[in-house]
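Engineer: Turn this into a structure:
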Amino acid sequence: MNRVESLIHRAIGDYPWLREPIVNAYQRVLAWVPRAEFLIDRNLVVRPGYFFGFHDKCPWPTDGKYLLAHKFDFRAPIAKIESKPVTYGIFEDGDLNSYRELGTTEAWNWQQGASLQWVAGTEHAFAVNSIVNGKPLGEVRNENGKLLQSFPYHLASVCARGRFGVSYCFRRLGKGAPGYGYHLWGKSDAADWDELHVVDLYSGRHRALLTLNEIASIEHCESMKGAYHFFSHALFSPTGDRFLFYHQWRQKRGHCIRACTQSALMEMISIDSLAQIFRMSRGVVSGKSWRILVQAMAAGITTFFWIAMGCHVG
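Structural biologist: You can find the predicted model right below:
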């Protein structure tokens, strides 16, 4: 942020109902404002109308043969683009000239796309989220788009070993953090759920690991009372035996986030043992990096910043 942006951010930070429309409008204006040209010493290939998603996932498989991407009509108005499903597929060459469409999905947003991610231990299989008949669906497909597996939950993250996935309610997430939900899903009659799920991609089994009520009962604070709670931003560790996620809660007066890490993925966890299993950051979290978050929590740092974001509670 520059100095002016920082001043405005602090002034409206305690009022999310005001901050969000201002930020959205500001970002849209900047998208059309000419920027000064600058030189780089890398050979970049740019393809308008394509995007992958958040930096927490890698668009390339381990052998680098393909590149996962979403495709949209970049000449259309934003409102029209967001009212339609997005295409997903793979680039088959390093120059990004050969794109092969594999399917379409309504379960997407600009931040994370449809959570496209390669599934390790497979022959170029990838995970993608969909919405079918108004219900969430997490799918695993091969490089030709053939459906290999499906689950009645959206997959937020798949571990590096390719076995486990983490899921939560993206519809609920969209209400708490609109930029991260699936806007087309908001038109369905599907019910929200308040559970964090772990999915075994090998067997297809899935289990509710904990609920929002359970996570809110740990180190409960006054700002949580009467707030709208939701899970977000799950991410497995590089070894795949642990994952972190955000527990967020929003009130009219503000918005708080804390990072949580969890181990022993498929072990049944009772509420009595949660306090020992989870390590939490209090206050502010933004962005996701295992190295930064875990080192900070291990060092006992309970309030920390990465990039810039505030815990705005008056």
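
Engineer: so what's residue 274 scoring on pLDDT?
Structural biologist: Per-residue confidence (pLDDT) for residue 274: 38.

Engineer: which residues in the stretch 101-250 of the chain form strands?
Structural biologist: 117-118, 126-132, 135-141, 147-151, 157-158, 164-167, 195-200, 206-211, 228-236, 242-251 (DSSP state E, counting those that start in this stretch).

Engineer: could you dump those strands to TSV with mean pLDDT?
Structural biologist: Shown next, in TSV, are those (pLDDT from 0 to 100):
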stretch	mean pLDDT
strand 117-118	96
strand 126-132	95
strand 135-141	94
strand 147-151	93
strand 157-158	93
strand 164-167	91
strand 195-200	89
strand 206-211	85
strand 228-236	91
strand 242-251	85
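
Engineer: Any chance of those strands in TSV with mean neighbour count and distance to residue 45 as columns?
Structural biologist: For glycine as for every other residue, the C-beta is placed from the backbone atoms N, C-alpha and C. Output for those, formatted as TSV (neighbours: other Cβ atoms under 10 Å; distance: least, Cβ to Cβ, whole Å):
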stretch	mean neighbour count	distance to residue 45
strand 117-118	21	20
strand 126-132	23	21
strand 135-141	21	25
strand 147-151	16	30
strand 157-158	24	27
strand 164-167	25	31
strand 195-200	21	35
strand 206-211	18	38
strand 228-236	22	27
strand 242-251	22	32
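
Engineer: Tell me which of those sits nearest to residue 18.
Structural biologist: strand 242-251 (13.6 Å; Cβ to Cβ).

Engineer: From the contact counts, what lies against the closest one?
Structural biologist: helix 212-216, strand 228-236, strand 254-263, helix 290-298 (3 or more Cβ pairs under 8 Å, 6 or more residues apart in numbering; DSSP states H and E).

Engineer: Show me the helices in the protein, by range?
Structural biologist: Here the chain has its helices, by DSSP state H, at 3-12, 16-30, 78-82, 170-176, 212-216, 274-277, 290-298.

Engineer: If you average pLDDT over each of these, which is lowest?
Structural biologist: Minimum mean pLDDT among the helices of the chain: helix 274-277, a mean of 39.

Engineer: Now residue 143: closest residue in space that isn't a chain neighbour?
Structural biologist: residue 124 (4.1 Å; Cβ to Cβ, 6 or more residues apart in numbering).

Engineer: so who does the one you found touch?
Structural biologist: 61, 65-66, 118, 142-143 (Cβ atoms under 8 Å, 6 or more residues apart in numbering).

Engineer: repeat that with 10 Å
Structural biologist: 61-63, 65-66, 90, 118, 141-144 (Cβ atoms under 10 Å, 6 or more residues apart in numbering).

Engineer: Could I get the phi/psi values of residue 143?
Structural biologist: The phi and psi values for residue 143, taken as degrees, to the nearest 10, are phi -70, psi -10.

Engineer: Right, I'll leave it there.
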